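>>> Model the structure of this input:
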Amino acid sequence: MIRIVLISLLAMSLLAACGQAGGSKEDMVKGYKTVTHKSTGGATANIGDFVSFNLDIYDDKRELIDSSPRTEDRPVLQIMDESDIPNKANPAMALMAKIAVGDSVSLFIPKDSMPAQQAVTMTSEFIEYVIVPTEILTQEAFDKKVADRQAQEMKLAQEAMAEAPRIIAGIEETLKDYLAGKKVGELKEGPDGLKIIIIEEGEGPTANDGNFVSVSYAGYLKDMSTFDDSYKRGKPYAFTLGRGSVITGWDKGLVYLNKGAKAILDIPYEMAYGAAGRPPSIPAKSPLLFYVELEDIN
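Okay, the predicted model is just below:
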């Protein structure tokens, strides 16, 4: 689903990298510093238009904190009339209305402008949001794009769900062979007892922290009882690798795989749901088995 993001200082948490082109130009928007790295001179969005964009978040040492996906899942913002913006001082909304597709602009939010609870945990004196618009659509064009994508996703999901029983049967046979001590693939030893058994190599470079990845998977306890499975839903799970949004065994194990690879992740409980487990489906101190297919890397 295309995500509509009405950006506020609280909501801006994803961003996309951009290189500087030519000289940089400093400015102020709603009292906040901006630096334009690249200006195309192109058309800007009108009120009511939808802007897709890449985002990257950096700290004050220029260390990358987070990035938005470079796919159809990139964030989207609808340009609003200033009188309709809940926070009239919102610099992100004001900035997005001023820049064109291909422009690259940094917006700097100092620590003392962050909500108090967030500022307490910050070690950086400011956060730099690098914004690169990628597409501007009218309401009509945006609605059509959303409808077309929903129809395509539904078609693909239905096809995938129809294949799920056959796929799961093959997965369970492979896992039973592995648990019986049979060789099912190339074993790689990961950190802290994690095992990665590569059943089928993919193509290209392996995934890295910060990549937006899509993974089809089926999860099992060591007694072969299943607790989760993306195949029956007909859609891979997508997330940013290495950001702690999944269990540690995934973050540490998927970096051994490239696009199209199929593997088993044999994950000790410390790298899964810990001593507490995740009742009722995952008991305390449960090591887990995941059959995974790395569908895409961005």
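>>> roughly how far is the lengthiest helix in the chain from the heart of the chain?
Within the chain, and with DSSP state H defining each element, the longest helix by residue count is helix 139-179. From the chain centre to the centre of helix 139-179 is a distance of 18 Å (C-alpha atoms, centre = their mean, to the nearest Å).
>>> for stretch 248-267, same thing?
Using C-alpha atoms, centre = their mean, the offset of stretch 248-267 from its chain centre is 16 Å.
>>> ditto for stretch 215-226
Using C-alpha atoms, centre = their mean, the offset of stretch 215-226 from its chain centre is 23 Å.
>>> Buried residues in that stretch, which are they?
For stretch 215-226, the buried set under the neighbour-count rule, 16 or more other C-beta atoms under 10 Å, comprises 215-221, 226. From N, CA and C alone the C-beta is placed, and that goes for glycine too.
>>> Present those residues as CSV; the columns should include distance to residue 156.
Below are those laid out as CSV (distance: C-beta to C-beta, whole Å):
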residue, distance to residue 156
215, 16
216, 12
217, 17
218, 18
219, 22
220, 25
221, 29
226, 23
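>>> Any stretches of the stretch 101-250 of the chain with poor pLDDT?
Counting by pLDDT under 70, the stretch 101-250 of the chain contains low-confidence ranges at 117, 119-120.
>>> Would you map the helices across it?
116-121, 139-179, 248-253 (DSSP state H, counting those that start in this stretch).
>>> out of the ones you listed, deepest packed?
Across the helices of the stretch 101-250 of the chain, averaging neighbours per residue (mean count of other C-beta atoms under 10 Å) puts helix 248-253 on top, at a mean of 22.
>>> Convert the C-alpha atoms of it to PDB, please.
Output of helix 248-253 as PDB, limited to C-alpha atoms (Å, rounded to 0.1, in the frame of the first residue of the first chain):
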ATOM      1  CA  THR A 248      18.200 -10.200  16.100                       C
ATOM      2  CA  GLY A 249      18.500 -13.500  14.300                       C
ATOM      3  CA  TRP A 250      17.000 -12.000  11.200                       C
ATOM      4  CA  ASP A 251      19.100  -8.800  11.300                       C
ATOM      5  CA  LYS A 252      22.200 -10.900  11.800                       C
ATOM      6  CA  GLY A 253      21.300 -13.800   9.500                       C
END
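>>> Indicate each strand paired with the following helix or strand past that helix and its parallel or antiparallel sense.
With elements assigned by DSSP states H and E, the helix or strand that comes after helix 248-253 is strand 258-259. According to DSSP bridges, strand 258-259 forms sheet pairs with strand 203-206 (antiparallel).
>>> sorry, back to before: wait, which of the helices of the stretch 101-250 of the chain is closest to residue 103?
Across these, residue 103 has its closest neighbour in helix 139-179 (19.8 Å, C-beta to C-beta).
>>> what's the first-to-last distance across stretch 243-258?
Length of stretch 243-258, first residue to last, C-alpha to C-alpha, to the nearest Å: 18 Å.
>>> again with stretch 44-63
First-to-last residue span, stretch 44-63, C-alpha to C-alpha: 30 Å.
>>> list the buried ones in it?
For stretch 44-63, burial by neighbour count (16+ other C-beta under 10 Å) applies to 44-45, 49-58.
>>> now do stretch 279-297
282, 286-295, 297.
>>> what sits against the residue lying closest to residue 218 once chain neighbours are set aside?
Excluding the flanking residues, the one nearest residue 218 by C-beta to C-beta, 6 or more residues apart in numbering is residue 229, at 4.4 Å. Shown in contact with residue 229 (C-beta atoms under 8 Å, 6 or more residues apart in numbering): 164, 168, 217-219.
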